[in-house]
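Asks: quick one, what's the 3D model for this:
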Amino acid sequence: MIDVNAHILLIYTGGTIGMVENIETGSLEPFDFAHLNSHIPELQRFRFQVDHIVFNPVIDSSEVTPEHWKMLVRTIEGNYDRYDGFVILHGTDTMSYTASALSFMIENLHKPIVLTGAQLPIGKLRTDAKENLITALEIAADKDSVGNPIVPEVCILFQNDLLRGNRTTKANAENFNAFKSYNYPNLGKSGIQIRYDRKVIRTPDYEKKTIFHYRLDTRIATLKLFPGINKHVVESILSMKNIKGLILETYGSGNAPLSPWFIDAIREIVKKGVIVVNITQCNIGMVDMQRYETGRELLKAGVVSGSDATFETAIAKLMFLIGHKYEKEEIKIRMRVPLVGEMTRTDDKVNEKI
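Replies: Okay, the predicted model is just below:
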């Protein structure tokens, strides 16, 4: 039920959704959000209040950095008590990274934070921007029968899919259904009505405060395996100075070459204190390093299972945990268990001591 007294803050960071075509030059330019209602007159039919903040300058999503995530968190923290929910307009290319990061940076979130965007600018005739924005605002204002938000999560609304933000990845650069959550069900689906799957939506502890975090460490490297990868490529990445974490993108259920030089290289970097997290290159399924010998060798070398976390979430989570300066063993424990619904906890032996 949409709360007619709701007060929603719309935050425009940049991206296609906020662009209009310059009639004279044909180029895309950010439109003036002071005239938002003229671009989307349907907003005037809302009975709840929508205010807006525009990043200055606006950011192409390919330029987004952790500093921008901190700016978003500061904006939300500074307005948290004044608003019932937040809608973030964001470019699609890095939207899943931002949604994942915010899910860790805002602990015990009580209110909806809905990210959305568009594949076509708001000024285009066939734009998907209007529907995405209108639906995102409705979700941010939706409350249950006792007055609590229905979706007190960081989520992404795109086309008709409401998805947990830290479970998403951009899967399509051409069609309107750009985002997928392969390993977790939709939180909701919009059609004639917005239908929520309440059993898969997280419930915060309303007795405890929301805590905002800003510590992130970007000293992360990634290594994606491919057939024929050679020793020099691997060593050039693993020998980088000052890295604190490595995301290892492996095959299938977490498999990698058994070549002694490869396993030795991984073992050595782990001994140096680098946290190595194993995630699968597959969209569906999870890492299980107990299944095959190749996975077991990585486990023996000290590699941590990332379960079914997305690449975007693994990056954001590792930045967050290293940034908070936990001890190495504590980081390894936290990386292999869900903190905010970002992964499925497994019952394999790697988790026995948790």
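
Asks: name the residues of stretch 147-162 that come out as buried.
Replies: Across stretch 147-162, burial judged by 16 or more other CB atoms under 10 Å covers 149-162. Every C-beta, even on glycine, is put in place using the N, C-alpha and C of the backbone.

Asks: now do stretch 12-28
Replies: 12, 13, 14, 15, 16, 17, 18, 19, 20.

Asks: and for stretch 219-233?
Replies: The neighbour-count criterion (16+ other CB under 10 Å) identifies 220, 221, 223, 225 as the buried residues of stretch 219-233.

Asks: the residues you listed into TSV, with extra columns for secondary structure?
Replies: Shown next, in TSV, are the buried residues of stretch 219-233 (DSSP: H, G, I helix; E, B strand; the rest coil):
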residue	secondary structure
220	strand
221	strand
223	strand
225	coil
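
Asks: relative to residue 323, how far out is residue 219?
Replies: Distance, residue 219 to residue 323, using CB to CB, to the nearest Å: 9 Å.

Asks: ok, residue 249 next?
Replies: 22 Å.

Asks: what do you get for residue 46?
Replies: Going from residue 46 to residue 323 by CB to CB gives 38 Å.

Asks: spatially central residue for this protein, please.
Replies: Centroid-nearest residue in the chain: residue 100, 2.4 Å away (criterion: CA atoms, centre = their mean).

Asks: that one sits in which helix or strand?
Replies: helix 95-105 (DSSP states H and E).

Asks: which residues touch that helix?
Replies: Helix 95-105 is contacted by residues 61, 64, 66, 68-70, 72-73, 88, 90, 109, 113, 115, 117, 153-156, 165-166, 168-170, 179, 212-214, 216, 310, 312-313, 315-317, 319-320, 339-342 when judged by CB atoms under 8 Å, 6 or more residues apart in numbering.

Asks: before we move on, what about stretch 219-232?
Replies: Stretch 219-232 has contacts (CB under 8 Å, 6+ apart) with 234, 237-238, 240, 242-251, 256-257, 261-262, 265, 281, 311, 315, 318-319, 322.

Asks: could you rerun that using 7 Å?
Replies: 234, 237, 240, 242-251, 256, 261, 315, 318-319 (CB atoms under 7 Å, 6 or more residues apart in numbering).

Asks: excluding residues flanking it in the chain, which one is nearest residue 275?
Replies: Leaving aside its sequence neighbours, residue 275 sits nearest to residue 245 (CB to CB, 6 or more residues apart in numbering; 4.5 Å).

Asks: run a quick neighbour tally on the nearest residue to residue 238 once chain neighbours are set aside.
Replies: What sits nearest to residue 238 in space, not counting adjacent residues and going by CB to CB, 6+ apart, is residue 269, at 4.9 Å. Residues near residue 269, counting by other CB atoms under 10 Å, number 25.

Asks: so residue 269 sits in a helix?
Replies: Yes: counting by three-state DSSP, residue 269 is located in a helix.

Asks: surely it is in contact with residue 239?
Replies: No: judged on CB atoms under 7 Å, residue 269 makes no contact with residue 239 at a distance of 8.7 Å.

Asks: picking up where we left off before, ok, the residue nearest to the centre of the chain to residue 150 distance?
Replies: 21 Å.

Asks: can you check residue 121 too?
Replies: From residue 121 to residue 150 the distance is 30 Å (CB to CB).

Asks: follow-up on the earlier one: and the residue nearest to the centre of the chain, what's its pLDDT?
Replies: With respect to pLDDT, residue 100 scores 98.

Asks: now residue 295
Replies: 87.

Asks: how many neighbouring residues does it have?
Replies: 24.

Asks: chain center to stretch 138-150, what's the gap?
Replies: Per CA atoms, centre = their mean, to the nearest Å, the displacement of stretch 138-150 from the mean C-alpha position of its chain is 22 Å.
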